[in-house]
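1. pasting the sequence and the predicted model now:
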Amino acid sequence: MENFDFHVTTDIRFGKDRLSELSDVLNNFGKNVLLVYGGGSIKKSGLYDELYDQLNQNGNHVVELAGVDPNPRIETVQKGVQLCKENDVDVVLPVGGGSVIDCSKAIAASVFVSGDLWENFVLKRNYEGPALPIVTVLTLAATGSEMNGTCVISNMDAQIKLGVHGKSLLPKVSFLDPTNTYSVNPYQTAAGSADILSHLIENYFNATPGTEVQDEIAEGLMKTVIKYLPVALDEPDNYTARANLMWASTLALNGLVGNGKKGSWSCHAMEHELSAFYDITHGVGLAIIIPRWMGHILDENTIPKFQRFAQEIWGVDEEDPKRAAEIGIQRFYDFLASCGIPMTLPEVGIQTEEDLQEMAHRAVEHSSISTKGFVPLNEDDVESIYRAC
Ligand code: NZQ
Ligand code: ZN
């Protein structure tokens, strides 16, 4: 196991009926609030009205940034920064999924960044400056953004989507009420769970030896998602299912299962190019890529970990290690398909092969997958993984 720091200070307020605590939380930071949300799901679910009652009673001055797109854009970040400056905002309050939270993180930091935000914030990839305090109300179990210091921002004109990391991007407080995810439709529920699984898998398939704690926790979280995703799809308002998916999303990407391991992730770099070029749903892109990536890297060095994945996660009882590994990968694919996830690129509207080479080039250029992946991947590897999708 490698050395690591684990200092994740987000104050988690998990469970139902806790929004009455929001006023006290916000009062620690000031009265002027930037409320950030997406395309309107919070209005339909009633959460918006509930929040407003709370904020009005508390005498907050609220400025709104509505309409954050999935795969949030740099232009929306710029709008939010302007609102913060014009209204002397004290605290940023994203209410939504990973896109809304990520956009808010970028706004909270970019208030302190001068010049062009794409150049001076996103392209830097690591941010060491200050940020306005961020308080989140999560409405979709997926990214883990509610308890990590990462945001992912897109520049659609340049077809580039990149992650930025910084300690000050970590939310101060996150409200995790599973009932706020009852209204998430089956497609986004499945995509979010595929994203949770992807974070666990990206950490699990890592070459650092001796990380049994992280691997056992990852296995437990994977099994939890596999158990409760079908329940949430059948019964959208099953509290136990939604609660377990929500907490799994947070723990999958707050450092708990990733710390102590070196190297870089592989599949996210490939997926971010798909989203940057075709604006697809992140979790769906990962569901399509991961089984093909697994097949591509399966060899005598990787078989033992895949055999363990097959046995522990999918209960595969097959003695031949390679065969066991292959069955495990197939069960994973079948599970994702059975949850209604489109499992090929044409199914998500990517019909042409003309961009695959350029996307492969950029996936390598924008990340360290060619040197530090679980199995290093060059442009040809990435292109053939895309082609297998
Ligand atoms: O915009 P609204 O109307 O809110 O609708 C959203 C959106 O259409 C909807 N939704 C969210 N909560 C809902 C709901 N619909 C009904 N009821 C609710 N309670 O779901 C759709 C997708 O929302 P989005 O926020 O885009 O999904 P997700 O949470 O999966 O976030 C995806 C973004 O996060 C990035 C992805 O790349 C992508 O840009 N990631 C962020 C990470 C991080 N910060 O650590 C790590 C991840 O690997 C990922 O890259
Ligand atoms: Zn992800």
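-> Great, that's in hand. Ligands and ions are numbered 1, 2, ... in the order given.
2. would you mind measuring the gap between the ends of stretch 144-154?
-> Using CA to CA, to the nearest Å, one end of stretch 144-154 lies 18 Å from the other.
3. for that stretch, give the mean pLDDT please.
-> Stretch 144-154 shows a mean pLDDT of 98.
4. do the same with stretch 5-18
-> Averaging pLDDT along stretch 5-18 yields 97.
5. output it as CSV, nothing but the C-alphas.
-> In CSV, the C-alpha atoms belonging to stretch 5-18 read as follows (Å, rounded to 0.1, in the frame of the first residue of the first chain):
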residue,chain,number,x,y,z
ASP,A,5,-3.6,11.5,3.3
PHE,A,6,-7.2,11.0,4.1
HIS,A,7,-8.7,14.3,5.2
VAL,A,8,-12.2,14.6,3.7
THR,A,9,-14.0,17.2,5.8
THR,A,10,-17.4,17.3,4.2
ASP,A,11,-20.1,17.3,6.9
ILE,A,12,-22.6,14.7,5.6
ARG,A,13,-26.2,15.2,6.7
PHE,A,14,-27.7,11.8,5.6
GLY,A,15,-31.4,10.9,5.7
LYS,A,16,-34.9,12.2,5.3
ASP,A,17,-36.4,15.4,6.7
ARG,A,18,-33.2,17.2,7.4
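6. report the buried residues of it.
-> By 16 or more other CB atoms under 10 Å, the buried positions in stretch 5-18 come out as 8, 10, 12-13. Every residue, glycine included, has its C-beta placed from N, CA and C.
7. who touches that stretch?
-> Outside stretch 5-18, the residues within contact range by CB atoms under 8 Å, 6 or more residues apart in numbering are 21, 25, 146-148, 170-179, 239, 243, 246-247, 250, 254-256, 259.
8. point out the residues in the stretch 151-300 of the chain that sit beside ligand 1.
-> Residues of the stretch 151-300 of the chain found near ligand 1 (CB under 6 Å from any ligand atom) are 151-152, 180-181, 183-184, 188, 192, 195, 253, 268, 282-283.
9. with distance to residue 303 and neighbour count added, can I get the residues you listed in JSON lines?
-> Below are these laid out as JSON lines (distance: CB to CB, whole Å; neighbours: other CB atoms under 10 Å):
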{"residue": "151", "distance to residue 303": "36", "neighbour count": "30"}
{"residue": "152", "distance to residue 303": "32", "neighbour count": "23"}
{"residue": "180", "distance to residue 303": "42", "neighbour count": "26"}
{"residue": "181", "distance to residue 303": "37", "neighbour count": "27"}
{"residue": "183", "distance to residue 303": "42", "neighbour count": "17"}
{"residue": "184", "distance to residue 303": "37", "neighbour count": "23"}
{"residue": "188", "distance to residue 303": "34", "neighbour count": "20"}
{"residue": "192", "distance to residue 303": "30", "neighbour count": "27"}
{"residue": "195", "distance to residue 303": "26", "neighbour count": "28"}
{"residue": "253", "distance to residue 303": "27", "neighbour count": "25"}
{"residue": "268", "distance to residue 303": "23", "neighbour count": "22"}
{"residue": "282", "distance to residue 303": "29", "neighbour count": "26"}
{"residue": "283", "distance to residue 303": "27", "neighbour count": "27"}
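10. which of those residues lies closest to residue 362?
-> Checking these against residue 362 by CB to CB gives residue 268 as the nearest, at 13.3 Å.
11. can you give me the strands in the stretch 51-200 of the chain?
-> 61-65, 91-96, 135-138, 150-155, 160-165, 173-176 (DSSP state E, counting those that start in this stretch).
12. what are the pairing partners of the last one, and which direction each?
-> Counting by DSSP bridges, the strands paired with strand 173-176 are strand 11-14 (parallel), strand 135-138 (parallel).
13. quick revisit: redo the strands of the stretch 51-200 of the chain as TSV? Include distance to residue 304.
-> TSV is the format used below for the strands of the stretch 51-200 of the chain (distance: least, CB to CB, whole Å):
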stretch	distance to residue 304
strand 61-65	48
strand 91-96	40
strand 135-138	36
strand 150-155	30
strand 160-165	30
strand 173-176	36
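14. which stretch among the ones you listed comes nearest residue 383?
-> Judging those by CB to CB, what sits closest to residue 383 is strand 160-165, at 18.5 Å.
15. for that closest one, buried residues please.
-> Those would be 160-164, for strand 160-165 by 16+ other CB under 10 Å.
16. is it possible to export the strands paired with strand 173-176 to JSON lines including distance to ligand 1?
-> Formatted as JSON lines, these follow (distance: least, CB to the nearest ligand atom, whole Å):
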{"stretch": "strand 11-14", "distance to ligand 1": "15"}
{"stretch": "strand 135-138", "distance to ligand 1": "8"}
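17. will you turn the ones you listed into CSV that also has distance to residue 43?
-> Listed next are those as CSV, based on distance: least, CB to CB, whole Å:
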stretch, distance to residue 43
strand 11-14, 22
strand 135-138, 14
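18. put the alpha carbons of the lengthiest helix in the chain into CSV.
-> Using DSSP state H, we find that the single longest helix of the chain is helix 212-234. The C-alpha coordinates for helix 212-234 follow below in CSV (Å, rounded to 0.1, in the frame of the first residue of the first chain):
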residue,chain,number,x,y,z
GLU,A,212,-6.9,-5.6,0.9
VAL,A,213,-8.9,-3.1,2.9
GLN,A,214,-9.6,-1.0,-0.1
ASP,A,215,-10.4,-4.0,-2.3
GLU,A,216,-12.7,-5.6,0.3
ILE,A,217,-14.6,-2.4,0.8
ALA,A,218,-14.9,-2.0,-3.0
GLU,A,219,-16.3,-5.5,-3.3
GLY,A,220,-18.9,-4.8,-0.6
LEU,A,221,-19.9,-1.5,-2.3
MET,A,222,-20.1,-3.2,-5.7
LYS,A,223,-22.3,-6.0,-4.3
THR,A,224,-24.5,-3.4,-2.7
VAL,A,225,-25.1,-1.5,-6.0
ILE,A,226,-25.8,-4.8,-7.8
LYS,A,227,-28.3,-5.8,-5.2
TYR,A,228,-30.2,-2.5,-5.0
LEU,A,229,-30.1,-1.1,-8.5
PRO,A,230,-32.8,-3.6,-9.7
VAL,A,231,-34.8,-2.9,-6.6
ALA,A,232,-34.7,0.9,-7.3
LEU,A,233,-35.7,0.3,-10.9
ASP,A,234,-38.7,-1.8,-9.9
